[in-house]
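*Asks:* okay, here's the prediction I keep looking at, along with the sequence it came from:
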Number of protein chains: 4
Amino acid sequence: MPRAEREARMLDAAGTAFARHGFHGASMDDIAEASGISKPMLYNYFGSKEGLYSEYVSRSGRALVAAMRDAAPPDASAEERLTAGISTFLDYVDEHRTGWQVLYHEVAAQGGPFAAEVAALRSRVVDMVARAVGKDESSEAFAHALVGAGESLANWWLLHPDVPRAELAGLLLRLAGFVEEPRPRP
Amino acid sequence: MPRAEREARMLDAAGTAFARHGFHGASMDDIAEASGISKPMLYNYFGSKEGLYSEYVSRSGRALVAAMRDAAPPDASAEERLTAGISTFLDYVDEHRTGWQVLYHEVAAQGGPFAAEVAALRSRVVDMVARAVGKDESSEAFAHALVGAGESLANWWLLHPDVPRAELAGLLLRLAGFVEEPRPRP
Amino acid sequence: MPRAEREARMLDAAGTAFARHGFHGASMDDIAEASGISKPMLYNYFGSKEGLYSEYVSRSGRALVAAMRDAAPPDASAEERLTAGISTFLDYVDEHRTGWQVLYHEVAAQGGPFAAEVAALRSRVVDMVARAVGKDESSEAFAHALVGAGESLANWWLLHPDVPRAELAGLLLRLAGFVEEPRPRP
Amino acid sequence: MPRAEREARMLDAAGTAFARHGFHGASMDDIAEASGISKPMLYNYFGSKEGLYSEYVSRSGRALVAAMRDAAPPDASAEERLTAGISTFLDYVDEHRTGWQVLYHEVAAQGGPFAAEVAALRSRVVDMVARAVGKDESSEAFAHALVGAGESLANWWLLHPDVPRAELAGLLLRLAGFVEEPRPRP
DNA sequence: GATGAATGAGGATTCATTCAT
DNA sequence: CATGAATGAATCCTCATTCAT
């Protein structure tokens, strides 16, 4: 079996276990068994449980950020870039459910040993959003709010899969201020 | 030492440990030592590690929801209620940092044995928000997005304590659609 | 509450717990709760768990041996004494089921810390039997066998309470050699 | 070290500990240390303390019953079969002292979670004896008495090893009714 | 005298990690 | 390389025992 495939299988099994039970709850025994590869190989490839987790989180996060960054051509308008980013984000969540769960969990675990890396990745997303929505002084806070809204909405969507993706994207765009008509003051 | 104080100390130490290491990562030994009370007492008061965690989460969550519900008089307008709720939420996060961390962490752990209770509490917040922002069909999704925005913003604020609370509240209100002037289309 | 009654209640609860769960399996907490008397009292009266157990075993054993010794007048014949002893023994087992269970359990635990006392009590029973069945050289072994037969039969009887007591007594007497007609060689 | 030998060592140490302290009193720590094998191996091989105990009891019991069943050729007479069974039983007790102690102890612990299996094994012995001594209505009780006599005698013999085995066997046979001359009525 | 409340010590069990083959 | 087999170090939990009131 080629090295790359072995690695992929291990990471796959690890992701499933981490998503289901969390870092502490998942056991190396289970991961080894689920991947069909012996425990010493896990250690040979990833050094430790932390190494394995870190690698999984890191890959998932990089994949998400890269996809969002490449979602729109560099010369696109702010609105186009935001639209493409939102769409790509929702695609990612839909297609990499376990990866997303682990990532989001780590976002929430603010102080842990892996939080730094995830925080850095999330910062890049926030920056993208901030650049797209404008440059005034409060845009960083605003971007944080928008990213949180997107995360929450994505999680809600996983429980309500019938809601069409476009509706969610529209909602987020409206939140971001890209609206035909403002919500009238009640 | 009166029974209530002992209990408070244990819950305090437990909260800190859970916030820092998560449920699995925190050990009853450490909690006992940090609270200055012996392990058997933890079991006498809370029955098990799960019981202790559950009690901590439960209290924190109830306190938050109750505070938000009572934030505005019943005859207040939607905007007033939302404003008061946001303000109360930010107060809570500011004053009960560890409680908030544990709660938010549990929001992210979507499948665990305690998630149900936290999910129920969060639902009540979402409902409050949904009622405040209107009744159209997409308001549930919209409310989820707003709540996520608030959570994310609160976490960001904890890292940037100099930002005045009013600014955050204004931002969230604007997101909710209560704005003097819509963001102009760029 | 008079001291004697308190003691009796504690011993009663202890006997039940010991019979049901064994020495190690029974907990002082349970015994205290079952007797309706607080744990410190148990320690005040019996010093330790071992003390409590020992006292219970000791009383039960002494009661059994005393009853058997006094079962027949001193001038009775061997057969009469044996008959009376067997009958008394069966009475005891029937009426003090828990005491008997604990005693027999201790007989079987040959090496434990309480075995010595129980062994001494049992020796006295064996001696009585030995004196009753005769004085030839093998009578000690023979008496041991008879006592074991009685114990086993008593336990069997507890599971088959419909068998009349007289039948068991007859069987044991026949085993002891006091028979009208010997079992014919098949 | 081959797997079988490791297992044997663990069972050996377990037997000693269980015979000396009983199920509850024996600790897995002690068993592991006595066997020179680490605790996790005990769990790997036997699953739990109960599993270990159960396996030890089960093996000991099966060995005893099998030996007794195969002690005589199938076409032997009742007396021959009984003689052979008694002899085999005494051999077993002599050669597997700890196994016997644990088994006998479990016979006395009438209600525990392992009692059922031991009771079933003992029943088979009782049945063998019942078949050997005849078929009248009281033979079950009689067989129970005889088996108890054998057990008690065996225990006595362990404390008096100088008594020749044949003497004990003769005594038991005589009790069973296979005698040249009945004990004369005193 | 009597008890609610407290704890030190230890028990069963699991897990990340590492060799010997 | 690859793995079956092994373990040191925790972890959760319980229990006999003792104070302070």
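*Replies:* That came in fine, so what should we check first?
*Asks:* only C-alpha atoms from now on, for both contacts and neighbour counts.
*Replies:* OK.
*Asks:* check whether the longest helix seen in chain A contacts chain B.
*Replies:* As assigned by DSSP state H, the longest helix anywhere in chain A is helix A:3-25. Yes - contact of helix A:3-25 with chain B is found when judged by Cα under 8 Å from any Cα of the partner chain, involving A:20, A:21, A:22, A:24, A:25.
*Asks:* which residue sits closest to the first one, ignoring its sequence neighbours?
*Replies:* Read that as residue A:20. Spatially, and ignoring its direct neighbours in sequence, residue A:20 is nearest to residue B:111 (7.3 Å; Cα to Cα, 6 or more residues apart in numbering or on different chains).
*Asks:* same question, the fourth one
*Replies:* Residue nearest to residue A:24 in three dimensions, not counting chain neighbours: residue B:24, with 5.7 Å by Cα to Cα, 6+ apart.
*Asks:* relative to DNA strand E, how far out is that neighbour?
*Replies:* Residue B:24 sits at a distance of 10 Å from DNA strand E (criterion: Cα to the nearest atom of the strand, to the nearest Å).
*Asks:* so what's the residue count around the residue nearest to residue A:20?
*Replies:* 14 (other Cα atoms under 10 Å in any protein chain shown).
*Asks:* just want the angle from the strand or helix carrying residue A:145 to helix B:139-159.
*Replies:* For residue A:145, the host element (DSSP states H and E) is helix A:139-159. Between helix A:139-159 and helix B:139-159, the angle comes out at 140 degrees (axes from the mean of the first three to the mean of the last three Cα atoms, to 10 degrees).
*Asks:* helices or strands up against helix A:139-159?
*Replies:* Helices and strands touching helix A:139-159, by 3 or more Cα pairs under 8 Å, 6 or more residues apart in numbering or on different chains; DSSP states H and E, are helix A:78-95, helix A:115-133, helix A:165-176, helix B:139-159, helix B:165-176.
*Asks:* what about the residue nearest to residue A:24, neighbour count?
*Replies:* 14.
*Asks:* likewise for residue A:19?
*Replies:* 24.
*Asks:* my read is that it contacts residue A:98, right?
*Replies:* Yes - between residue A:19 and residue A:98 there is a contact under Cα atoms under 8 Å: 5.6 Å.
*Asks:* quick check: residue A:139 touching residue A:133?
*Replies:* Yes - shown here, residue A:139 and residue A:133 form a contact pair, counting by Cα under 8 Å, at 7.2 Å.
*Asks:* quick one: which of the two has more around it?
*Replies:* Each of residue A:139 and residue A:133 has its neighbours counted (other Cα under 10 Å); residue A:133 has more, 24 against 19.
*Asks:* and the pLDDT for the closest residue to chain D within chain A?
*Replies:* Residue of chain A nearest chain D, by Cα to the nearest Cα: residue A:29 (13.0 Å). Residue A:29 is assigned 93 on the pLDDT scale.
*Asks:* residues contacting it?
*Replies:* By Cα atoms under 8 Å, 6 or more residues apart in numbering or on different chains, the contact set of residue A:29 is residue A:39.
*Asks:* now residue A:87
*Replies:* Taking Cα under 8 Å, 6+ apart, one finds residue A:169 in contact with residue A:87.
*Asks:* swap the cut-off to 10 Å and go again
*Replies:* A:68, A:71, A:81, A:165, A:166, A:168, A:169, A:170 (Cα atoms under 10 Å, 6 or more residues apart in numbering or on different chains).
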